[in-house]
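Enquirer: Got a predicted structure here, sequence first:
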Amino acid sequence: MLPTAIIVFREVLEAALIVGVVMAASRGALGRGLWVSSGIVAGVVGACLVALFAATIAAAAEGMGQELFDAAILFAAVCMLGWHNIWMSSHGRELAASAVKLGNDVRSGARPLWALAFVVALAVLREGSEIVLFLYGIALGGNGGPVAMAIGGVIGLAFGVAAGTAIYWGLVAIPMRLLFGVTSWLILLLAAGLASQGAAFLMQADLLPALGSNLWDTSWLLSEQSIAGRVLHTLIGYSAQPAGIQLVFYVATLLVIGGLMRVVGSAERRPASNPPRRPAISPAE
Amino acid sequence: MRALLLAAPLVLALAAPAVADDPVVNIDLKDHQFVPSEVPVPAGVKVKLLVKNDQTVTAEFESNSLHREKIVEPGNTITVYVGPLDAGSYEFFDDFHNATRGHLIAK
């Protein structure tokens, strides 16, 4: 029961942290609860499908299907997070202003909440499929029986969700006018970390060179298998023993998304390059 | 590259003959033990690991120093390429059963 709880907790933790950050980042946006919960439901359904076809996926691409599948999911999530951040840096200031004024976001219909819902779905799908495969194995032949497994699973889930809730409440304690900046940074780092994980899978599939197999080793200081290590791994892409290619992808993601945010954000600051925004905030939407 | 992998394995085999010559090393998972748990591999070349799960539960073959993580379903065998490795010891483990550990010894 306890080993099951620990494994489930660990996998849920990663997805729950991402959901927590996404919820905080979309605070004040109308309809975000529906978007995010749709993402979770889609992710759970997807996880079951992936687990069902796990053998087929694994056998694809000369046995490298699992790697390519994981990499595709991770890079899709990176694109969605990037898209959201870039969009927000062009519209964020007016959104934040109206949110402070009105207490909610009147233009949320235009905001790419679907991108965040997609990220949630991908995170739940990836971690969830591992949980399903793990539990399925236990249910078939593990010790302890299905009741112990179910109890362990529920405990693990509860603790994972609690961790996601904790980071959410921690973030929303930040004043609204600062929250936007903080969550933009968090999402940027999250995207960079996911890109670095994706690079590791492509390296594993032999499609990318390692460029130095271990740049440094800080596992003595903070192991990736500890809870703190896992949390940082998920949130900012911490790696105790990164390969060179992972660092390349991490930095490139920061520069590309960060750079585009800057370009788009500074375009917004120049009134000449922007149509008047007043009419757009009308309640017509 | 992916399309090539899927569509023309023959062409790929011709294009990368080294793949066929890679030394193959078998590792079995039995009763939450890697057999063998100390795996000698040649240093300086790419090595093909075939990890077989002879258990009834799912495992995840993982190594932080080798940057590998891959699920092995019961009764299945996965292929994991590693290296070229510098001489030394590289720990791997079953991420779903943390006490199950082994080492690649590259010489």
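Expert: Thanks, I have the structure now. All figures in this text were calculated on a predicted structure; none of them were measured in a lab.
Enquirer: Low-confidence regions, the stretch 1-150 of chain A specifically.
Expert: A:92-110, A:142-144 (pLDDT under 70).
Enquirer: and if we set it to 50?
Expert: A:105-108 (pLDDT under 50).
Enquirer: residue ranges for the strands of it, please.
Expert: Read by DSSP state E, counting those that start in this stretch, the stretch 1-150 of chain A holds no strands at all.
Enquirer: Right, and chain B sits closest to which residue of it?
Expert: Closest residue of the stretch 1-150 of chain A to chain B, C-beta to the nearest C-beta: A:Gly141 (2.6 Å). C-beta coordinates here come from the backbone N, C-alpha and C atoms, glycine included.
Enquirer: Give me the three-state assignment for the closest residue to that residue other than its chain neighbours.
Expert: Nearest residue to A:Gly141 in three dimensions, chain neighbours excluded: B:Thr56, at 2.6 Å (C-beta to C-beta, 6 or more residues apart in numbering or on different chains). With DSSP: H, G, I helix; E, B strand; the rest coil as the basis, B:Thr56 sits in coil.
Enquirer: ok, now which ones touch the residue of the stretch 1-150 of chain A closest to chain B?
Expert: Residues near A:Gly141 by C-beta atoms under 8 Å, 6 or more residues apart in numbering or on different chains: B:Gln55, B:Thr56, B:Val57, B:Pro74.
Enquirer: What's the per-residue pLDDT of the residue in chain B positioned nearest to chain A here?
Expert: Closest to chain A within chain B is B:Thr56: 2.6 Å, counting by C-beta to the nearest C-beta. pLDDT recorded at B:Thr56 is 90.
Enquirer: how many other residues sit next to it?
Expert: Using other C-beta atoms under 10 Å in any protein chain shown, B:Thr56 has 12 other residues around it.
Enquirer: and it, how far is that from B:Leu49?
Expert: 22 Å (C-beta to C-beta, to the nearest Å).
Enquirer: How about the residues of chain A by chain B?
Expert: A:3, A:7, A:54-55, A:58, A:60-64, A:66-68, A:130, A:133-134, A:136-138, A:140-142, A:200, A:203-204, A:206-207, A:210, A:213-214, A:217, A:219, A:224-225, A:240-241, A:243, A:246 (C-beta under 8 Å from any C-beta of the partner chain).
Enquirer: Recalculate using a threshold of 6 Å.
Expert: Taking C-beta under 6 Å from any C-beta of the partner chain as the criterion, the neighbours of chain B within chain A are A:7, A:61-63, A:66, A:133-134, A:137-138, A:140-142, A:200, A:204, A:206-207, A:224, A:241, A:243.
Enquirer: So which of these are in helices?
Expert: A:7, A:61-63, A:66, A:133-134, A:137-138, A:140-141, A:200, A:204 (DSSP state H).
Enquirer: coming back round to it: surely the residue of chain B closest to chain A and B:Pro74 touch.
Expert: Yes - applying C-beta atoms under 6 Å as the test, B:Thr56 and B:Pro74 come out as touching, 5.2 Å apart.
Enquirer: of the ones in helices among the residues of chain A next to chain B, buried ones?
Expert: Neighbour-count burial (16 or more other C-beta atoms under 10 Å in any protein chain shown) applied to these gives A:Ile7, A:Ala61, A:Gly63, A:Gln66, A:Leu133, A:Phe134, A:Gly137, A:Ile138, A:Ala200, A:Gln204.
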